[in-house]
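[1] Predicted coordinates and the sequence they were generated for:
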Amino acid sequence: MIDQEEIHNQCLSKDPEERIKALERLESNFSLLPDKQQAWNDLVRLASDQDRSIRSRAADALGSAFSFPPDKRQAWNDLVRLASDRDRYVRSRAAEALGSAFSEVRDKQQAWDYLIRFSSDQDSDFRSMAAYAFGPVVSQVPDKLQAWNDLIILTSDQNSFVRNRATSALGPAFSQVPDKAQAWDDLHRLTSDPDSFVRSGAAEALVSAFSLVPDKQQAWNDLLSLSSDGNSYVRPRAAEALASSFSQVPDKQLAWKDLIELTSNQHRPARSWAASILASSFSQVPDKQRAWNDLIRLSSDPDSFVRSKAASALSAAFSQVPDKQRAWNDLHILTSYKEEGLRSRAAETLGSVFSQVPDKQQVWNDLIRLSSDPDIFVRSSAASTLKSAYSQVPDKQKARNDLHRLAADKDSAVRVRAAEALKSAYSQVPDKQQAWNDLHRLSSDQNSAVRAKAAYDLGSAFSKVPDKQQVWNDLHRLSSDKDSAVRARAAEALGPAFSKVPDKQLAWNDLHRLTADQDRSVRSGAASALVSVFSQVPDKQQAWNDLIRLTSDQDSAVRSRAASVLKSAFSQVPDNQQAWDDLIRLSSDEDSAVRSRAASALKSALSQVADKQQAWNDLIKLTDNKDRNVRSRVASALKLAYSQVPDKQQAQNDLIKLTSAKDRNVRYGAASVLKPALSQVSDI
């Protein structure tokens, strides 16, 4: 149990190191301490400590701790007092805590008055922290009209941040104010305020207030004006509000027209934001054919970002446009545009709408043509869609021939995508031998990325290929490739392929060799494969030794993967005693993930260990492990271990000692075994 009296005494210590220890224990254990009022008082005392680092750290904890002390009035008064502390940092953190504590204070009107007063403090950081709380708490103030008027007054404050926060808080306050007509007049006026900080706050306020304003068309027009504001800080806030408000504006066709016009605005960010809203707004526009035409036109806009966003919106809009044949014709034309970026977007759009177009064969032909485009990005975009499109194309044989040709393309990226499509299309291809021949050829490609992809595909397609010996020969060759990325993929492929490999001993030799590869990505791939095939390897003792070696690998991902299989692999290892010793050693490993995995394997391994007395002694030692998670795992194993240990008297003595252990889980674990001795256990 946590000794709160000791923490309290440390808080009073003259030694700053002791006070720091007390603070650390308060931070991590506050919710568990029995006397939370005392804990709060200690924290407040430390927030006024003579040591600045202690003061600052204690001040940081005030907000999260406020909900625990029972005397909220005193706790609030403590925060108010600290808000006048000599230390600027303590003051600002206390002001921040006042905001987070607001909901738990009984007298919310008085609390609000404090925040308003603090927002006029001479310290700018302090004012900012107080003002930052306006938005989250304003809805809880009893006198809504007074709160609104307070915020309106602060929109003219001398501090720019206070002005901005006060104006922004009008948004959440709007729903609470009784006179919405007057409130709207105030907010509408502030959208054209001379001060950019106020205009920015007004745009933010409209995000949450828009649904409640009486004149939504005027509010929309205000946002349109702000989205073209001369200040770069105002425009993005207005654009964000436009996006969230479109669904509520009365005349959506007119609002769509406004957005289209905004894509030609002199300010590029305004154009970009307008273009970004088009995709999400399309479904709400009444005249979808006209809206589609707008998107097609914007796909040729002088602004590259507008073009990109318009082209992206086409994918989302296609399913909703009435005349799909005409829409398809528009997309077909885009695939022949001069600009590479537009052709690339057109290719992506074709792939995403493939299932909806009337003439799928023509779309496939366009994609194949674009896969040989002069531009590398267009080729890549087109080729990447072939995998998903193949299953829907009518002429499978022609499509198969197209993929076969692209598998020999001069562009390695296209070859990779073609290989990917060939693998997924294998079950649908009439000539499976030809498909396999393509993968076989790609496994010897001069480009390492193509070979790596082929290695991966060979593994996943292994069970479907008739000539498994030839596939295995390719994988075996690729596992010794000069390129580490290829070896890594080959190592990964051994996982799904292992059960079907004709020569498992040779496959195991390859996997064993790859676990010691100089490249960490290869070792990682080998570790992943070893995890999945452990039960099938011929030499399980060697496989276990490899896993143990990999748990000490320099790469954390390799260590974690190897450790993850320890529990399931243990029962298959011939030398259980050595395996147990390995688990005990790894439970104190430097890597927390390895420690946790090893410790979690101990309980299930107990029944298979020959020397039960030694196993018990090992577990008792681990109850003092530095890792709390390890101690918890060991504690959960005590009951099972006790039932198997020969020397019950010694074991009982050990358990009695553990009922006074520092770790709560260890005490509970020991007590659960020692039910007849519960009266001897303190603090359970």
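    Cool, got the structure.

[2] Contacts for the lowest-mean-pLDDT helix or strand in the chain, please.
    Least confident helix or strand, the chain: helix 124-132 with a mean of 71, by mean pLDDT, DSSP states H and E. Residues outside helix 124-132 that contact it (C-beta atoms under 8 Å, 6 or more residues apart in numbering): 83, 88, 91-93, 95-96, 98-99, 115, 118-121, 154, 159, 161-162, 165-166. For the C-beta atoms, the positions are set from N, CA and C on the backbone; glycine is no exception.

[3] hmm, which of the residues you listed are the buried ones?
    Among the contacts of helix 124-132, the ones that count as buried by 16 or more other C-beta atoms under 10 Å are 83, 91-93, 95-96, 98-99, 115, 118-119, 121, 154, 159, 161-162, 165-166.

[4] show me where the stretch 151-300 of the chain has helices.
    160-174, 180-190, 196-209, 216-227, 234-245, 252-262, 268-281, 288-298 (DSSP state H, counting those that start in this stretch).

[5] I'd like to know which of those has the weakest mean confidence.
    Between the helices of the stretch 151-300 of the chain, the one with the least mean pLDDT is helix 268-281; it has a mean of 80.

[6] Buried ones in that helix, by neighbour count?
    Buried, per 16+ other C-beta under 10 Å, within helix 268-281: 270-279, 281.

[7] Residue 102 is in contact with residue 137, isn't it?
    Yes: Residue 102 is within contact range of residue 137, at 4.2 Å (criterion: C-beta atoms under 8 Å).

[8] what's the overlap in contacts for these two?
    111-112, 115.

[9] Tell me which of the residues you listed fall in strands.
    The members of the shared contacts of residue 102 and residue 137 all map outside strands under DSSP state E.

[10] which of those residues has the weakest pLDDT?
    residue 115 (81).

[11] excluding its backbone neighbours, what's nearest that one?
    residue 130 (5.2 Å; C-beta to C-beta, 6 or more residues apart in numbering).

[12] OK, contacts around residue 490?
    By C-beta under 8 Å, 6+ apart, residue 490 lies in contact with 455, 459, 475, 478-479, 481, 514, 525.

[13] ignore the last one, residue 578
    Residue 578 touches nothing, counting by C-beta under 8 Å, 6+ apart.

[14] so where's the stretch 401-550 of the chain shaky on pLDDT?
    Counting by pLDDT under 70, the stretch 401-550 of the chain shows low-confidence ranges at 422-423, 425-432, 435.

[15] What are the boundaries of the helices in it?
    412-425, 432-442, 448-461, 468-478, 484-497, 504-514, 520-533, 540-550.

[16] Out of those, which is closest to residue 255?
    Proximity to residue 255 (C-beta to C-beta) singles out helix 412-425 among these, at 40.4 Å.

[17] what sits up against the closest one?
    Residues contacting helix 412-425 (C-beta under 8 Å, 6+ apart): 371-372, 376, 379-380, 383-384, 386-387, 390-391, 399-400, 403-404, 406-409, 429, 435, 438-439, 442, 445, 447, 449-450, 453-454, 457, 460-461.

[18] wait, residue 234 sits on residue 206?
    No: under the criterion of C-beta under 8 Å, residue 234 is not in contact with residue 206, lying 11.9 Å apart.

[19] quick one, which of these two is more surrounded?
    residue 206 (30 against 24; other C-beta atoms under 10 Å).

[20] Provide a list of residues in contact with the more buried one.
    171, 187, 191, 213, 219, 222-223, 241, 245.

[21] and which of these is nearest residue 79?
    Residue 79 lies nearest to residue 171 out of those, by C-beta to C-beta, at 26.0 Å.

[22] got the CA coordinates for stretch 258-273 in PDB?
    The C-alpha coordinates for stretch 258-273 follow below in PDB (Å, rounded to 0.1, in the frame of the first residue of the first chain):
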ATOM      1  CA  ASP A 258     -20.500  30.700 -54.300                       C
ATOM      2  CA  LEU A 259     -17.900  28.000 -53.700                       C
ATOM      3  CA  ILE A 260     -17.200  27.700 -57.500                       C
ATOM      4  CA  GLU A 261     -16.700  31.400 -57.700                       C
ATOM      5  CA  LEU A 262     -14.400  31.300 -54.600                       C
ATOM      6  CA  THR A 263     -12.100  28.800 -56.500                       C
ATOM      7  CA  SER A 264     -11.200  31.900 -58.600                       C
ATOM      8  CA  ASN A 265     -10.400  34.100 -55.600                       C
ATOM      9  CA  GLN A 266      -7.300  36.200 -55.700                       C
ATOM     10  CA  HIS A 267      -6.100  34.600 -52.500                       C
ATOM     11  CA  ARG A 268      -4.700  31.100 -53.100                       C
ATOM     12  CA  PRO A 269      -5.600  29.700 -49.700                       C
ATOM     13  CA  ALA A 270      -9.300  30.800 -50.300                       C
ATOM     14  CA  ARG A 271      -9.200  29.000 -53.700                       C
ATOM     15  CA  SER A 272      -7.700  25.900 -52.000                       C
ATOM     16  CA  TRP A 273     -10.300  25.800 -49.200                       C
END
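
[23] any idea how far it is from the chain center?
    32 Å (C-alpha atoms, centre = their mean, to the nearest Å).

[24] Not counting its own residues, what contacts that stretch?
    By C-beta under 8 Å, 6+ apart, the list of residues contacting stretch 258-273 reads 220, 224, 227-228, 232, 235-236, 239-240, 242-243, 246, 274-275, 277-278, 281, 294, 298, 301, 303, 305-306, 309-310.

[25] ok, now stretch 223-243?
    So stretch 223-243 is contacted by 191-192, 196-197, 199-200, 202-204, 206-207, 210, 220, 245, 258-259, 262, 265-267, 269-270, 273-274, 276-277, 280 (C-beta under 8 Å, 6+ apart).

[26] same check, this time on stretch 2-20
    Residues contacting stretch 2-20 (C-beta under 8 Å, 6+ apart): 21-23, 25-26, 29, 32-35, 38-39, 42, 45-46, 49, 51, 53-54.

[27] Likewise for stretch 304-312?
    Contacts of stretch 304-312 (C-beta under 8 Å, 6+ apart): 263, 268, 271-272, 274-276, 278-279, 295-296, 298-301, 334, 339, 341-342, 345-346, 348-349.

[28] How about that stretch, which residues are buried there?
    In stretch 304-312, counting by 16+ other C-beta under 10 Å, buried: 305-312.

[29] and which of the buried residues of helix 268-281 is nearest to residue 66?
    For the buried residues of helix 268-281, the nearest to residue 66 is residue 273 (39.0 Å; C-beta to C-beta).

[30] Can you give me every residue that contacts residue 513?
    So residue 513 contacts residue 479 (C-beta under 8 Å, 6+ apart).

[31] Same check on residue 313?
    Here residue 313 is in contact with 275, 278-279, 282, 295 (C-beta under 8 Å, 6+ apart).

[32] ok, 10 Å please
    Residues near residue 313 by C-beta atoms under 10 Å, 6 or more residues apart in numbering: 275-282, 291-292, 294-295, 298-299, 349.

[33] Please apply the same query to residue 200.
    160, 163-164, 167-168, 193, 226, 229, 231, 233-238.

[34] excluding its backbone neighbours, what's nearest it?
    Counting by C-beta to C-beta, 6+ apart, the residue nearest residue 200 is residue 234, at 4.6 Å.

[35] and the most centrally placed residue in the chain, what pLDDT?
    Note on the chain: the residue nearest the mean C-alpha position is residue 557, at 18.1 Å, using C-alpha atoms, centre = their mean. Looking at residue 557, its pLDDT stands at 85.

[36] Need phi/psi at residue 193.
    With angles defined as degrees, to the nearest 10, residue 193 sits at phi -60, psi 150.

[37] quick one: it and residue 170 touch, right?
    No: contact status for residue 193 versus residue 170: not in contact, 11.9 Å apart, counting by C-beta atoms under 10 Å.

[38] Overlap in contacts, the two.
    In contact with both residue 193 and residue 170: 155, 201-202, using C-beta under 10 Å, 6+ apart.

[39] Can I get these in TSV including distance to residue 581 and neighbour count?
    Formatted as TSV, these follow (distance: C-beta to C-beta, whole Å; neighbours: other C-beta atoms under 10 Å):
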residue	distance to residue 581	neighbour count
155	72	24
201	66	30
202	70	31
